[in-house]
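>>> Predicted coordinates and the sequence they were generated for:
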Amino acid sequence: MGSTTSHNQNQQNGSKPHLIVIGCNIGGMYIIRRLLSTKEWKNFSKITFIDKNDYIEWFQDLKVYITQPDETDFYLWKTGEYFQKHELESKNMEFVHAEVTNVVSSGYDKGGQIHFQNFSGESQIMDYNFLVICSGVQYGNPIKSDFRKWEQRKEELLNWNNKIVESESVVVLGGGAVGVELAGEISCQFSKTQNDQNLTKSGSKVHLVTRGAQLLDRLPENAGQYMLESLARSKVEVHLRSEVNDLKHKVNLDEETTLFLPEITKPGSSFLQNEQFKDSLDSKGGVKVNKFMQVENFQNVFAFGDCCNTGLNEEKGIPAVIQFGDTLFNNLCKLVHGKSRLQAIPKYPEVMQIIPSGPNDGIIILNYSLMTRGKTANTIHNLFINTIHNIGELIRRDKIIPWVLSITGFISKILWFAPISSRYRARKLREREMNSQKQN
């Protein structure tokens with residue numbers, strides 16, 4: 001039975017506050033980047049990042065999961081080593097490898113405590129003055145893993161590659177961006193010829209199953225329709241308005257030789273399912289935030305990224321992390337400095353989405369408008385990924401995430417200078433789609 005340790009960090013009058021960030025992947029990395037670039041880290045007594053994984057996972061190209069698992073060293077590294085290389089401890093930052101089990105607040109405009117358990121079984125309690133939640137979502141394997149150690153995760157990716165190679169059929173669950181890209185890549189990369197050792201067996205099929213009436217249901221309808229046609233050209237059988245059991249009745253699948261790849265997501269918010277925070281969660285477990293990115297009913301607790309519900313039904317991705325992360329960080333700093341006038345998130349956030357569906361196809365979405373498609377979109381995607389890889393060869397690979405966040409942030413800002421008429425049409429389209437979704 002594990003012991004319990006308490007870390008008392010209550011803010012005294014005139015002392016600097018303690019910031020805790022739950023999650024240290026893309027969202028956590030963005031908070032680190034902003035702390036360093038603004039030097040706001042100096043205004044905190046300590047900044048603690050807590051994550052149940054001891055690794056940072058940066059996969060912008062799903063082919064890494066299925067065709068190039070030997071490349072995972074480039075995209076997967078240990079969080080502790082990242083903190084050491086950048087000497088973050090000298091800037092009041094620390095990383096704790098543990099799983100948060102509960103969050104307690106001392107009041108609307110006060111801090112509180114988090115309860116967490118390390119992987120030696122020891123339970124601990126730590127006080128916070130400000131809390132940021134960027135715990136992401138839980139995908140099914142192989143997109144996200146239940147393994148908490150870097151070594152286990154790396155081995156798991158190799159094993160998943162072998163499973164796909166040996167399967168006669170693959171079923172991808174979910175019609176969002178991840179499911180569409182995964183289905184297209186598997187079908188194209190693993191069905192060209194049965195002679196290559198990295199390809200699936202002859203006659204194999206890829207199925208994509210989604211409950212939705214269209215693919216990419218948070219993007220314009222013509223984007224989903226194009227991807228439906230693209231996957232058909234890649235010989236992916238798409239089953240709309242369907243469940244796995246429906247597929248089993250329609251298609252003769254041998255479950256022993258069929259691999260199921262779930263894209264089903266669940267917000268990483270189990271530690272908030274208590275009496276204090278239960279009203280701050282939506283029906284799916286998403287963390288509800290107000291227009292200032294504060295968790296509903298709590299001034300000193302913020303959330304952003306895939307785990308949160310802004311009420312805008314925005315497509316998740318790096319541009320959303322940057323836009324909402326900027327708002328969150330600015331408001332956090334204003335509260336630390338005693339300012340009450342906070343910045344609100346945009347009603348219609350800017351969107352940049354690049355979704356490939358195989359080696360020669362894909363789409364690019366800007367401001368909820370389908371801007372380009374086909375080989376041109378895929379070429380831009382590959383250029384983006386290759387640039388990341390080439391830059392990573394020139395600089396330390398642990399700088400990839402801050403670099404990509406900077407470049408993507410720059411591109412997102414350029415979108416603000418798009419023609420007014422184009423932006424107006426995009427916003428009207430988004431408004432119409434949001435109203436339609438509310439009616440459904």
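That came through fine. Just so it is clear, the model here is predicted, and its values are computed rather than measured.
>>> Below-threshold pLDDT in the stretch 201-350 of the chain: ranges please.
201-204, 256-257, 263-264 (pLDDT under 70).
>>> so where do the helices sit in it?
Taking DSSP state H, counting those that start in this stretch as the test, the helices found in the stretch 201-350 of the chain are 221-233, 244-250, 318-336.
>>> what angle separates the helix or strand that the last one is followed by from helix 221-233?
Sequence-wise, the next helix or strand beyond helix 318-336 is strand 352-356, with elements assigned using DSSP states H and E. Relative orientation of strand 352-356 with respect to helix 221-233: 10 degrees, computed using axes from the mean of the first three to the mean of the last three Cα atoms, to 10 degrees.
>>> partner strands of strand 352-356, parallel or antiparallel?
strand 362-366 (antiparallel) (DSSP bridges).
>>> which helices and strands sit right next to the helix or strand just after the strand it pairs with?
Per DSSP H and E, the first helix or strand lying C-terminal to strand 362-366 is strand 369-373. For strand 369-373, the elements it packs on are helix 221-233, strand 362-366, helix 420-439, judged by 3 or more Cβ pairs under 8 Å, 6 or more residues apart in numbering; DSSP states H and E. Quick note: C-beta positions are derived from backbone N, CA and C, even for glycine.
>>> now do 7 Å
Using 3 or more Cβ pairs under 7 Å, 6 or more residues apart in numbering; DSSP states H and E as the contact test, the elements touching strand 369-373 are helix 221-233, strand 362-366.
>>> Out of the ones you listed, the one nearest Ile22 is which?
Ile22 lies closest to strand 362-366 among those, at 29.9 Å (Cβ to Cβ).
>>> and for that closest one, what are the contacting residues?
For strand 362-366, the surrounding residues in contact (Cβ atoms under 7 Å, 6 or more residues apart in numbering) are 219, 223, 226-227, 351-356, 370-373, 377-378, 380-381, 415.
>>> can you check stretch 237-254 too?
Contacts of stretch 237-254 (Cβ under 7 Å, 6+ apart): 168-169, 171, 173, 205, 207-214, 228, 231.
>>> which one of the residues you listed is nearest Ser145?
Once Cβ to Cβ is applied, the member of the contacts of stretch 237-254 that ends up nearest Ser145 is Leu173, at 16.7 Å.
>>> And the pLDDT for that closest one?
Per-residue pLDDT puts Leu173 at 87.
>>> residues near the residue lying closest to it once chain neighbours are set aside, how many?
Excluding its sequence neighbours, the residue lying closest to Leu173 (Cβ to Cβ, 6 or more residues apart in numbering) is Pro262, at 4.5 Å. Using other Cβ atoms under 10 Å, Pro262 has 17 other residues around it.
>>> measure Pro262 to Glu151 for me?
24 Å (Cβ to Cβ, to the nearest Å).
>>> In contact with Ile133, which residues?
Per Cβ under 7 Å, 6+ apart, neighbours of Ile133: Ile22, Gly23, Val287, Phe302, Ala303, Cys307.
>>> give me that answer again for 6 Å
Counting by Cβ atoms under 6 Å, 6 or more residues apart in numbering, Ile133 touches Ile22, Ala303.
>>> go on, Gly224?
Gln214, Leu215, Leu216.
>>> Tell me if I'm right that the second one and Met227 touch.
Yes - in this structure, Leu215 is within contact of Met227 by Cβ atoms under 6 Å, at 4.9 Å.
>>> Assign Ser145 to one of the three secondary structure states.
Here Ser145 is recorded as coil under DSSP: H, G, I helix; E, B strand; the rest coil.
>>> can you list the domain ranges for the protein.
The chain resolves into domains spanning 4-141+266-336, 165-263 when parsed by automatic domain parsing.
>>> The residue lying closest to Leu208 once chain neighbours are set aside and Leu231, how far apart?
Excluding the flanking residues, the one nearest Leu208 by Cβ to Cβ, 6+ apart is Ala183, at 4.3 Å. Look at Ala183 and Leu231: by Cβ to Cβ, they are 6 Å apart.
>>> higher neighbour count, these two?
Counting neighbours by other Cβ under 10 Å for Ala183 and for Leu231 shows that Ala183 has the greater number, 32 against 25.
>>> Next one, pLDDT for the more buried one please.
For Ala183, the model assigns a pLDDT of 89.
>>> Now do whatever helix or strand it lives in and strand 352-356, the angle between them.
According to DSSP H and E, Ala183 maps onto helix 177-190. Taking the same axes, to 10 degrees, one finds helix 177-190 and strand 352-356 inclined to each other by 30 degrees.
>>> Show me what counts as buried in stretch 299-312.
Along stretch 299-312, these residues count as buried under the neighbour rule (16 or more other Cβ atoms under 10 Å): 299-310, 312.
>>> What lies in contact with that stretch?
For stretch 299-312, the external contacting residues (Cβ under 6 Å, 6+ apart) are 27, 108-109, 111, 130-137, 267-269, 282, 286-289, 293-295, 316, 321, 324-325, 328.
>>> Which PyMOL command selects the buried ones in those?
Filtering the contacts of stretch 299-312 down to the buried ones (16+ other Cβ under 10 Å) takes a single PyMOL command:
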select buried, resi 27+111+130+131+132+133+134+135+136+137+267+268+269+286+287+288+289+293+294+295+316+321+324+325+328
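>>> Contact partners for Gly175?
Counting by Cβ under 6 Å, 6+ apart, Gly175 has contacts Thr210, Gly212, Leu215.
>>> now, which of these sits nearest Tyr55?
For the contacts of Gly175, the closest approach to Tyr55 (Cβ to Cβ) belongs to Thr210, at 29.8 Å.
>>> Could you pull out the strands in the stretch 101-250 of the chain for me?
With DSSP state E, counting those that start in this stretch as the criterion, the stretch 101-250 of the chain has strands at 112-118, 123-128, 130-133, 137-138, 169-173, 205-209, 236-239.
>>> Any chance of TSV for the ones you listed, columns distance to Glu255?
Listed next are the strands of the stretch 101-250 of the chain as TSV, based on distance: least, Cβ to Cβ, whole Å:
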stretch	distance to Glu255
strand 112-118	36
strand 123-128	40
strand 130-133	38
strand 137-138	24
strand 169-173	9
strand 205-209	13
strand 236-239	17
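>>> which one of those strands lies closest to Ser15?
strand 123-128 (12.1 Å).
>>> Show me which residues of that closest one are buried.
Neighbour-count burial for strand 123-128 [16+ other Cβ under 10 Å]: Ser123, Gln124, Met126, Asp127, Tyr128.
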